[in-house]
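*Asks:* What would the 3D arrangement of this be:
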Amino acid sequence: QVQLVESGGGLVQPGGSLRLSCAASGFTFSNYAMSWVRQAPGKGLEWVSAINSGGGSTSYADSVKGRFTISRDNAKNTLYLQMNSLKPEDTAVYYCAKDLSSWYAGKYDYWGQGTQVTVSS
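*Replies:* Purely as a prediction, here's the structure:
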């Protein structure tokens, strides 16, 4: 069965960095686009970033552009999100999500359980 397991969240001070990972199993990881989506306390889901199946194309929300970097290692079936210059407004539960196709269309069929990121001094 498909499994997406996020890790790497935690408490970090403003201006700090974290690297999130999403370990995928149960499907051919290299065939599908992947995304990171977050949910801040009391708010709805916010798309953060996406990467196509081969890793050669990426996209970012304006709120994280220039600070976050999405990447993937298809040999390790793992998705990453490098987060730099973190701000308190980045505090959220971060989910990885599997897209339905090789290109990021924003249509997901599987989600991970999420990892908490808290940015606070």
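*Asks:* contacts and neighbour counts: CA atoms only from here.
*Replies:* Noted.
*Asks:* Could you pull up phi and psi at the residue nearest in space to the middle of the chain?
*Replies:* Closest residue to the average C-alpha location of the chain: W36 at 2.7 Å, with Cα atoms, centre = their mean. Taking degrees, to the nearest 10, you get phi -110, psi 130 for the backbone angles of W36.
*Asks:* wait, it sits on Y94?
*Replies:* Yes. W36 is within contact range of Y94, at 6.8 Å (criterion: Cα atoms under 8 Å).
*Asks:* CA atoms of stretch 80-89 as CSV?
*Replies:* Extracted C-alpha coordinates of stretch 80-89, given in CSV (Å, rounded to 0.1, in the frame of the first residue of the first chain):
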residue,chain,number,x,y,z
TYR,A,80,12.7,16.9,0.5
LEU,A,81,11.9,20.5,1.4
GLN,A,82,14.8,22.7,2.5
MET,A,83,13.4,25.6,4.5
ASN,A,84,15.6,28.6,5.1
SER,A,85,15.0,32.0,6.6
LEU,A,86,12.0,30.7,8.5
LYS,A,87,9.4,33.1,9.8
PRO,A,88,6.8,32.7,12.5
GLU,A,89,4.1,32.6,9.8
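*Asks:* Counting neighbours, which bits of it end up buried?
*Replies:* Y80, L81, M83, N84, L86, K87 (16 or more other Cα atoms under 10 Å).
*Asks:* Over to stretch 61-76?
*Replies:* Neighbour count says stretch 61-76 has V64, F68, T69, I70, S71, R72, N74 buried, by 16+ other Cα under 10 Å.
*Asks:* Closest one to V48 out of those, please.
*Replies:* V64 (7.1 Å; Cα to Cα).
*Asks:* Nearest spatial neighbour of the closest one, chain-adjacent residues omitted?
*Replies:* V48 (7.1 Å; Cα to Cα, 6 or more residues apart in numbering).
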